[in-house]
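S.K.: just need the structure, nothing else, for what follows:
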Amino acid sequence: MSSVSPSVVVNRILELIELDDYAGILNIAASSKDTTVDKKSPVASMRKLYLKLSLIIHPDRVGKTVPNATKAFQALVKSFETLSSPDYQQ
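M.R.: I've put the predicted structure just below:
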């Protein structure tokens, strides 16, 4: 995942948020050793993928070199918060 360009990740997140594919956004960070997540996955698994992505696209890290990084980061936060919400997991 570390070799993936932040701009590619940002663009993919923005595509998936339009579809309200919250799990798909977090699964961008899933590698072969990680399991993918869905709305019934443990919050710890979701958090692990969320943290991986946040290190790649956080606006403070990529600065102005990646357009829409802030918007993508906000979508990432929304995805994690939505999926980890007890109301959504039912």
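S.K.: now do the contacts for residue 4.
M.R.: Neighbour list for residue 4: residue 56 [criterion: C-beta atoms under 8 Å, 6 or more residues apart in numbering]. C-beta coordinates here come from the backbone N, C-alpha and C atoms, glycine included.
S.K.: what's the offset of stretch 30-38 from the middle of its chain?
M.R.: 12 Å (C-alpha atoms, centre = their mean, to the nearest Å).
S.K.: which residues touch it?
M.R.: 1, 23, 26-27, 41, 45-46, 48-49, 83.
S.K.: let's see that with 10 Å instead.
M.R.: When contacts are defined by C-beta atoms under 10 Å, 6 or more residues apart in numbering, stretch 30-38 is touched by residues 1-2, 22-27, 29, 41-43, 45-50, 52, 80, 83-84, 89.
S.K.: what's the model's confidence in that stretch, averaged?
M.R.: Mean per-residue pLDDT for stretch 30-38: 80.
S.K.: next, the buried residues of that stretch.
M.R.: Neighbour-count burial for stretch 30-38, counted by 16 or more other C-beta atoms under 10 Å, picks out 30, 37.
S.K.: just the terminal-to-terminal distance for it.
M.R.: 12 Å (C-alpha to C-alpha, to the nearest Å).
S.K.: shift numbering so it begins at 120
M.R.: I'll keep to 120 as the first residue from here, and by that count the last item is stretch 149-157.
S.K.: picking up where we left off before, now the buried members of the contacts of stretch 149-157.
M.R.: Buried members of the contacts of stretch 149-157, scored by 16+ other C-beta under 10 Å, are 141-146, 148, 160, 164-165, 167-169, 171, 199, 202-203.
S.K.: which phi and psi does the closest residue to residue 173 other than its chain neighbours have?
M.R.: Using C-beta to C-beta, 6 or more residues apart in numbering and skipping the chain neighbours, the partner closest in space to residue 173 is residue 195 (6.5 Å). When read as degrees, to the nearest 10, the backbone of residue 195 gives phi -60, psi -50.
S.K.: and residue 195, what does it touch?
M.R.: Contacts of residue 195 by C-beta under 10 Å, 6+ apart are 128-129, 132, 135-136, 141, 144-145, 147-148, 168-169, 172-173, 175-177.
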